[in-house]
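Asker: Predicted model and sequence below, questions to follow.
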Amino acid sequence: MLFHVHMTVNIPLDLDKTYVDDLKAKEKELSQELQRQGKWTHIWRVAGKYANVSIFNVASAGELHDILMSLPLYPFMAVEVTALCQHYSSVKNEEEAH
Ligand SMILES: O=C(O)CC1=CCC(=O)O1
(Lines give C-alpha, C1' and ligand atoms only; values in the text may rest on other atoms or scores of the structure.)
Protein backbone atom coordinates (compact mmCIF):
# COMPACT_ATOMS: atom_id res chain seq x y z
CA MET A 1 0.00 0.00 0.00
CA LEU A 2 1.22 3.46 -0.89
CA PHE A 3 0.90 6.44 1.43
CA HIS A 4 1.71 10.11 0.92
CA VAL A 5 3.00 11.53 4.19
CA HIS A 6 3.58 15.20 4.92
CA MET A 7 5.78 15.80 7.96
CA THR A 8 6.30 19.22 9.47
CA VAL A 9 8.97 19.43 12.15
CA ASN A 10 8.71 21.89 15.03
CA ILE A 11 11.59 21.58 17.48
CA PRO A 12 11.42 23.95 20.47
CA LEU A 13 14.24 26.50 20.24
CA ASP A 14 15.25 25.97 23.87
CA LEU A 15 16.04 22.24 23.49
CA ASP A 16 19.67 21.24 24.07
CA LYS A 17 21.56 21.39 20.72
CA THR A 18 23.49 18.14 21.36
CA TYR A 19 20.22 16.33 22.12
CA VAL A 20 18.60 17.71 18.97
CA ASP A 21 21.62 16.85 16.80
CA ASP A 22 21.49 13.29 18.18
CA LEU A 23 17.77 13.00 17.37
CA LYS A 24 18.40 14.24 13.82
CA ALA A 25 21.27 11.75 13.33
CA LYS A 26 19.06 8.87 14.56
CA GLU A 27 16.20 10.06 12.35
CA LYS A 28 18.50 10.08 9.31
CA GLU A 29 19.85 6.62 10.12
CA LEU A 30 16.37 5.09 10.47
CA SER A 31 15.05 6.92 7.41
CA GLN A 32 17.91 5.69 5.26
CA GLU A 33 17.51 2.13 6.54
CA LEU A 34 13.79 2.21 5.64
CA GLN A 35 14.69 3.65 2.22
CA ARG A 36 17.16 0.79 1.66
CA GLN A 37 14.38 -1.66 2.62
CA GLY A 38 12.11 -0.08 -0.01
CA LYS A 39 9.52 1.01 2.55
CA TRP A 40 10.29 4.77 2.44
CA THR A 41 10.48 5.18 -1.33
CA HIS A 42 10.67 8.98 -1.67
CA ILE A 43 11.60 11.86 0.59
CA TRP A 44 11.58 15.45 -0.59
CA ARG A 45 12.22 18.65 1.30
CA VAL A 46 9.38 21.15 1.03
CA ALA A 47 11.21 24.23 -0.20
CA GLY A 48 11.41 26.96 2.40
CA LYS A 49 9.98 24.88 5.25
CA TYR A 50 11.26 22.45 7.86
CA ALA A 51 8.98 19.86 6.31
CA ASN A 52 9.13 16.91 3.96
CA VAL A 53 6.84 15.08 1.61
CA SER A 54 7.41 11.35 1.57
CA ILE A 55 6.00 8.25 -0.05
CA PHE A 56 5.86 4.99 1.89
CA ASN A 57 5.27 1.56 0.37
CA VAL A 58 4.21 -0.69 3.25
CA ALA A 59 1.97 -3.70 3.85
CA SER A 60 -0.71 -1.89 5.85
CA ALA A 61 -1.79 1.30 7.55
CA GLY A 62 -0.76 -0.38 10.78
CA GLU A 63 2.80 -0.83 9.56
CA LEU A 64 2.94 2.82 8.49
CA HIS A 65 1.63 3.85 11.89
CA ASP A 66 4.31 1.83 13.68
CA ILE A 67 7.05 3.32 11.47
CA LEU A 68 5.88 6.89 12.06
CA MET A 69 5.63 6.33 15.82
CA SER A 70 9.19 4.99 15.85
CA LEU A 71 10.73 8.09 14.25
CA PRO A 72 13.00 9.87 16.73
CA LEU A 73 11.62 13.26 15.66
CA TYR A 74 7.99 12.08 15.83
CA PRO A 75 7.30 13.93 19.13
CA PHE A 76 8.12 17.17 17.31
CA MET A 77 6.21 16.46 14.10
CA ALA A 78 2.81 17.29 12.71
CA VAL A 79 2.03 14.39 10.36
CA GLU A 80 -0.62 14.18 7.67
CA VAL A 81 -1.20 10.83 5.96
CA THR A 82 -3.02 10.28 2.67
CA ALA A 83 -3.67 6.77 1.37
CA LEU A 84 -2.98 6.38 -2.36
CA CYS A 85 -4.36 3.98 -4.93
CA GLN A 86 -4.04 3.42 -8.65
CA HIS A 87 -5.39 6.15 -10.92
CA TYR A 88 -7.25 4.77 -13.92
CA SER A 89 -5.12 6.91 -16.27
CA SER A 90 -1.78 5.84 -14.83
CA VAL A 91 0.57 4.08 -17.24
CA LYS A 92 2.47 2.51 -14.35
CA ASN A 93 1.76 -1.14 -13.88
CA GLU A 94 -0.36 -2.22 -10.95
CA GLU A 95 2.59 -3.84 -9.17
CA GLU A 96 4.03 -0.40 -8.40
CA ALA A 97 0.79 0.94 -7.03
CA HIS A 98 -0.07 -1.88 -4.62
O1 LIG B 1 14.07 16.81 8.21
C2 LIG B 1 12.95 16.25 8.12
O3 LIG B 1 12.13 16.54 7.26
C4 LIG B 1 12.59 15.14 9.08
C5 LIG B 1 13.19 13.90 8.63
C6 LIG B 1 12.57 12.79 8.20
C7 LIG B 1 13.57 11.81 7.85
C8 LIG B 1 14.80 12.54 8.12
O9 LIG B 1 15.96 12.12 8.01
O10 LIG B 1 14.53 13.79 8.58
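Answerer: Looks like it came in fine.
Asker: buried residues in stretch 69-79?
Answerer: L71, P72, L73, F76, M77 (16 or more other C-beta atoms under 10 Å). For every residue, glycine as well, the C-beta is placed using N, CA and C.
Asker: near the ligand, from these?
Answerer: Subset of the buried residues of stretch 69-79 in contact with the ligand: L73, counting by C-beta under 6 Å from any ligand atom.
Asker: need the next SSE after the longest helix anywhere in the chain, C-terminal direction.
Answerer: If you go by DSSP state H, the chain has its longest helix at helix 17-36. As assigned by DSSP states H and E, the chain's next helix or strand after helix 17-36 is strand 40-45.
Asker: Pull the residues that contact that next one.
Answerer: Strand 40-45 is contacted from outside by S31, L34, Q35, A51, N52, V53, S54, I55, F56, N57, I67, using C-beta atoms under 8 Å, 6 or more residues apart in numbering.
Asker: picking that back up, in a markdown table: the buried residues of stretch 69-79, plus pLDDT.
Answerer: What follows is these, written out as a markdown table (pLDDT from 0 to 100):
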| residue | pLDDT |
| --- | --- |
| L71 | 98 |
| P72 | 98 |
| L73 | 98 |
| F76 | 98 |
| M77 | 98 |
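Asker: can you tell me which of the buried residues of stretch 69-79 are in strands?
Answerer: M77 (DSSP state E).
Asker: So which of the buried residues of stretch 69-79 is the closest to D14?
Answerer: Proximity of those to D14, judged by C-beta to C-beta, is greatest for F76, which lies at 12.7 Å.
Asker: and the longest helix of the chain, what other elements does it pack with?
Answerer: With contacts taken as 3 or more C-beta pairs under 8 Å, 6 or more residues apart in numbering; DSSP states H and E, helix 17-36 sits against strand 40-45.
Asker: tell me the angle of the strand it packs on relative to helix 17-36?
Answerer: 140 degrees (axes from the mean of the first three to the mean of the last three C-alpha atoms, to 10 degrees).
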